[in-house]
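>>> sharing a model prediction with you, sequence too.
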Amino acid sequence: MKVGYVAVIGKTNAGKSTLINKLLNYKLNIVSSKKQTTRNNILGILTENDIQIIFIDTPGIHKSKNQLDRYMNKSVRSASEGADVIVYLIDGSKKIDDEELKNVINLYKKNNNLILVLNKIDMLTKESLYQILYEINKTKIKNVVPISSKKKINLNELKYMIIDFLPEKNSLIFDQDEITDKSIKFLCSEIVREKILNFTNQEIPHGVKCEVINYDENKKLVNISIDIICEKESHKSIIIGKNGISLKRIGSSARIEIEKLVNKKVMLNLFVKVEKDWRNKPIKEIFV
Ligand SMILES: Nc1nc2c(ncn2[C@@H]2O[C@H](COP(=O)(O)OP(=O)(O)OP(=O)(O)O)[C@@H](O)[C@H]2O)c(=O)[nH]1
Ligand SMILES: [Mg+2]
């Protein structure tokens, strides 16, 4: 059996969460065009017969400004240290960052089971793709795969390369039908956060956290209450919007997605609250 952990790391917005969702064929992780969408490590488990790939989705590597940032960067370090394989994702639609390449080379020296993945090649011309691959080849990293997560280009090639690196084991780590280590409540709170990322402007999503405060279920219906906690009164007004229009939009689009997740009708109650400077307080384990 081939079984092991694969840390997917890289800068924010490189497409790590999108890649894992596409490989799992399931929308597990939230995705957005805003920076720092993923905040903690999330396992995405792909089991095919006697192969189990346990992907660790990680927050984007970035400079620490507050407790939340430090928590996020620590999550990336612990994921890469504990993994059997590292998939390092670079955003091909952006100019190559030499500093970043140096860091990848250093990481490769410590762990040869590193695959350098150039994502978003759907946004490149053939000429610029060859130019970038030429630059990357200078790093002497052996395992380089150009892909597009969004358009599902070369994903099987990447998957087979990952499987090659996985260790042989006598048994699976997770049951065949398990898809993540996270609870339904956590996934619901993330879906609401994704809608806030999509429906509000730059500054607000970074200062928002979502917490399920009530989850009641019967045969037909799930009743879920979620606190949306932001940092300023002005942010609260923006999230709610004129006559509640923005909150309604966030709520109805989250509800549709949560209904797919729990496979039942959902009653979703959202409460917007202010907790000043929460990102600078010790991060308790809300991420389960
Ligand atoms: N064109 C194109 N866009 C992509 C591709 N992969 C991801 N994206 C987009 O890139 C943006 C960021 O994607 P995410 O998957 O959230 O990126 P991430 O690396 O998980 O970001 P963080 O969680 O903030 O670290 C989204 O708008 C995606 O739709 C791709 O292959 N091609
Ligand atoms: Mg992400």
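Here it is on my side, so go on. Numbering: from 1, shown residues only. Ligands and ions are numbered 1, 2, ... in the order given.
>>> what pLDDT, on average, does the top helix by length along the chain get?
Ranked by residue count, the top helix of the chain under DSSP state H comes out as helix 245-262. Averaged across helix 245-262, the pLDDT comes to 97.
>>> what's the offset of it from the middle of its chain?
Distance of helix 245-262 from its chain centroid, counting by CA atoms, centre = their mean, to the nearest Å, is 20 Å.
>>> does the residue nearest to Ile228 when sequence neighbours are not counted lie in a helix or a strand, and which?
In space, and not counting its chain neighbours, Ile228 is closest to Val272: 4.8 Å by CB to CB, 6 or more residues apart in numbering. Placement of C-beta: from N, CA and C, glycine included. If you go by DSSP states H and E, Val272 is part of strand 265-274.
>>> restrict that strand to CA atoms and write it as CSV.
C-alpha atoms of strand 265-274 as CSV (Å, rounded to 0.1, in the frame of the first residue of the first chain):
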residue,chain,number,x,y,z
LYS,A,265,-32.7,21.7,4.2
VAL,A,266,-30.8,24.3,6.2
MET,A,267,-32.0,27.2,8.3
LEU,A,268,-29.0,29.6,8.6
ASN,A,269,-28.9,32.4,11.2
LEU,A,270,-26.1,34.8,11.0
PHE,A,271,-25.1,37.3,13.7
VAL,A,272,-22.5,40.0,13.1
LYS,A,273,-20.5,41.1,16.1
VAL,A,274,-17.5,43.3,16.8
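>>> now stretch 270-284: buried residues?
For stretch 270-284, burial by neighbour count (16 or more other CB atoms under 10 Å) applies to Leu270, Val272, Trp278, Arg279, Ile283.
>>> list the residues that contact the first one.
In this structure, Leu270 makes contact with Val192, Ser225, Ile226, Ile228, Leu247, Ile250, Gly251, Ala254, judged by CB atoms under 8 Å, 6 or more residues apart in numbering.
>>> out of those residues, which is nearest to ligand 1?
Of all the contacts of Leu270, ligand 1 sits closest to Val192, with 16.0 Å by CB to the nearest ligand atom.
>>> so the closest one, which of the three states?
When classified by DSSP: H, G, I helix; E, B strand; the rest coil, Val192 comes out as helix.
>>> please, where are all the helices along this structure?
Counting by DSSP H, the helices of the chain are 16-24, 67-82, 98-110, 126-137, 155-165, 184-199, 203-206, 233-240, 245-262.
>>> wait, which of those is closest to Ile90?
helix 98-110 (7.1 Å; CB to CB).
>>> got the domain ranges for this structure?
2-165, 184-280 (automatic domain parsing).
>>> okay, the ones you listed in JSON lines with distance to Asp177 next?
Below are these laid out as JSON lines (distance: least, CB to CB, whole Å):
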{"stretch": "domain 2-165", "distance to Asp177": "8"}
{"stretch": "domain 184-280", "distance to Asp177": "14"}
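>>> and the contacts of the longest helix of the chain?
Contact partners of helix 245-262, identified using CB under 8 Å, 6+ apart, comprise 184, 187-188, 191-192, 194-196, 198-200, 217, 222, 224, 238-241, 265-266, 268, 270, 272.
>>> again, only this time at 7 Å
The contact list for helix 245-262, computed with CB atoms under 7 Å, 6 or more residues apart in numbering, reads 184, 187-188, 191-192, 195-196, 199, 222, 224, 238-241, 265-266, 268, 270, 272.
>>> stretch 112-120 too?
Contacting residues not belonging to stretch 112-120 are listed as 14-15, 19, 84-93, 104, 107-108, 132, 136, 141, 143-149, 158, 161-162, 165 [CB under 7 Å, 6+ apart].
>>> filter those residues down to the buried ones, ChimeraX style.
Remark: buried members of the contacts of stretch 112-120, expressed as a ChimeraX selection using 16+ other CB under 10 Å:
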select :14,15,19,84,85,86,87,88,89,90,91,92,93,104,107,108,132,136,141,143,145,146,147,148,149,158,161,162,165
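>>> and ligand 1, which of the contacts of stretch 112-120 reach it?
Filtering the contacts of stretch 112-120 for neighbours of ligand 1 using CB under 6 Å from any ligand atom leaves Ala14, Gly15, Ser148, Ser149.
>>> tell me the residues of the stretch 51-200 of the chain that contact ligand 1?
So the stretch 51-200 of the chain meets ligand 1 at Pro59, Gly60, Asn119, Lys120, Asp122, Met123, Ser148, Ser149, Lys150 (CB under 6 Å from any ligand atom).
>>> now the second one: closest residue in space that isn't a chain neighbour?
It refers to Gly60. Excluding its sequence neighbours, the residue lying closest to Gly60 (CB to CB, 6+ apart) is Thr12, at 2.6 Å.
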